[in-house]
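Novice: The following block contains a protein sequence and its predicted model.
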Amino acid sequence: MSLSIRKVKTSDLELKDRLVAIKRVTKVTKGGRTFSFSAIVVVGNEDGIVGYGLGKANEVTTAIAKGVEDAKKNLIKVPILKGTIPHEQLGKYGGASVFIKPASMGTGVKAGGAMRAVLESVGIKDVLAKSKGSSNPHNVVKATIDALLELRDAKTVAVHRGVEIEKVFKG
């Protein structure tokens, strides 16, 4: 079963950007070391739309700006149900594996580092999350996006099965 990626148009969206990680990379040349910066950025409208991007440049601010522009090109729509996710989901990318689980109202976002930035940018208020394996921010962000892409709400499940929405909840 293949899931379709839910692309979103960027026009008339107010997106907030969050810097997940920035690192200095070095290229050794004949004349010495050349330093540049790599930044991974997450953007979202805190209402179900999120995207991530990678920017590389010789200056930090330019790298972040490039990351934001890249993130705006990779937006996805995520189903949110009463401030949490519809069901638990596992996401993988490279060596990183993440597990997200719905939580009751008032729990908050129980996630760390790169996962927290993605989940807050998408607008999820209550969720339990666990990151296993690699803690590389690039892979954790991509694994979290993978888990969010796999989420389906009851209406989508009903359409996919070809039944009424009431039958989805009955055994």
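Specialist: Arrived safely. Numbers count the residues shown, from 1 in each chain.
Novice: for the host helix or strand of residue 39, the distance to its chain's centre please.
Specialist: Assigned by DSSP states H and E, residue 39 belongs to strand 32-44. Relative to its parent chain, strand 32-44 has a centroid offset of 18 Å by C-alpha atoms, centre = their mean, to the nearest Å.
Novice: what are the pairing partners of it, and which direction each?
Specialist: strand 16-29 (antiparallel), strand 49-57 (antiparallel) (DSSP bridges).
Novice: if you compare those, which one is most tucked away?
Specialist: Compared across the strands paired with strand 32-44, strand 49-57 shows the largest average neighbour count, a mean of 21 (mean count of other C-beta atoms under 10 Å). In this view, the C-beta of every residue, glycine as well, is placed from N, C-alpha and C.
Novice: What's opposite residue 96 in the beta bridge?
Specialist: Per DSSP bridges, the residues bridged to residue 96 are residue 93, residue 133.
Novice: same question, the one 5 residues further on
Specialist: Judged by DSSP bridges, the bridge partners of residue 101 are residue 128.
Novice: ok, so what distance separates it from residue 76?
Specialist: Using C-beta to C-beta, to the nearest Å, one gets 20 Å for the distance from residue 101 to residue 76.
Novice: Okay, and residue 98 sits in which element?
Specialist: Applying DSSP H and E, one finds residue 98 within strand 96-102.
Novice: and that strand, average pLDDT?
Specialist: Taken as a whole, strand 96-102 has an average pLDDT of 94.
Novice: sorry, back to before: looking at the strands paired with strand 32-44, which is nearest to residue 133?
Specialist: Closest approach to residue 133 among the strands paired with strand 32-44 (C-beta to C-beta): strand 16-29, 16.8 Å.
Novice: tell me the average confidence for that closest one?
Specialist: Averaging pLDDT along strand 16-29 gives 93.
Novice: Would you mind pulling the contact partners of it?
Specialist: The contact list for strand 16-29 (C-beta atoms under 8 Å, 6 or more residues apart in numbering) reads 33-46, 52, 56, 60, 63-64, 67-68, 71, 113-114, 117-118, 120-121, 137-138, 141.
Novice: Since that was my last question, I'll sign off now.
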